[in-house]
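Student: Pasted the sequence and its predicted model underneath.
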Amino acid sequence: MIENQKLLVYDHVTATEESPDDALVVQFMLGEGVKVEDKNPNTSGTTHGDKDHPVPYKTYKVKPGTDLSQYKNTILKDTIFNLISVKEDEGYAEPVWNDSIMPRTL
């Protein structure tokens, strides 16, 4: 046993500040016509997107080489895209994540 050392184990996608040095920062932004209703009873509210100034919604740290469209959270058993429950604002239909700026495999 080595004293004063700890072994840290991380998922491929994490929202914690503490993460491996090579983790990539991925920020999910909400654009025009979308909203996310917070399911946490302690922080309930709705975040609306904006066309001209996309609204930061969540930031994650991701292990390089992770395909975000395929990787499933080990506890919640679904992809990050499905876990963020995006809904359309009135007058809009079927919102989708646009990964044209950042590919889904990092």
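Tutor: Thanks, I have it.

Student: can we go C-alpha only for contacts and neighbour counts from here?
Tutor: Noted.

Student: What segments of this protein are helices?
Tutor: 80-83 (DSSP state H).

Student: can you list the weak-confidence ranges in it?
Tutor: By pLDDT under 70, the weakly predicted segments of the chain are 1, 8, 40-44, 99-106.

Student: rerun at 90
Tutor: Residues of the chain that meet the criterion pLDDT under 90 lie in 1-32, 34, 36-49, 51, 54-60, 62-63, 65-71, 73-76, 79-91, 93-106.

Student: For Lys58, grab the count of nearby residues.
Tutor: Neighbourhood size, Lys58 [other CA atoms under 10 Å]: 12.

Student: Next: Thr79.
Tutor: The burial count for Thr79: 16, using other CA under 10 Å.

Student: Contact partners for the closest residue to Val26 other than its chain neighbours?
Tutor: Spatially, and ignoring its direct neighbours in sequence, Val26 is nearest to Tyr60 (5.2 Å; CA to CA, 6 or more residues apart in numbering). When contacts are counted by CA atoms under 8 Å, 6 or more residues apart in numbering, Tyr60 touches Val13, Thr14, Ala15, Thr16, Val25, Val26, Gln27.

Student: Correct me if wrong: the last one contacts Tyr57.
Tutor: Yes: the criterion here is CA atoms under 8 Å, and Gln27 meets it with Tyr57 at 7.3 Å.

Student: Let me have the contacts of Tyr60 in TSV, adding neighbour count and distance to Gly65 as columns.
Tutor: Below are the contacts of Tyr60 laid out as TSV (neighbours: other CA atoms under 10 Å; distance: CA to CA, whole Å):
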residue	neighbour count	distance to Gly65
Val13	23	11
Thr14	17	14
Ala15	14	17
Thr16	10	19
Val25	15	13
Val26	15	13
Gln27	14	17
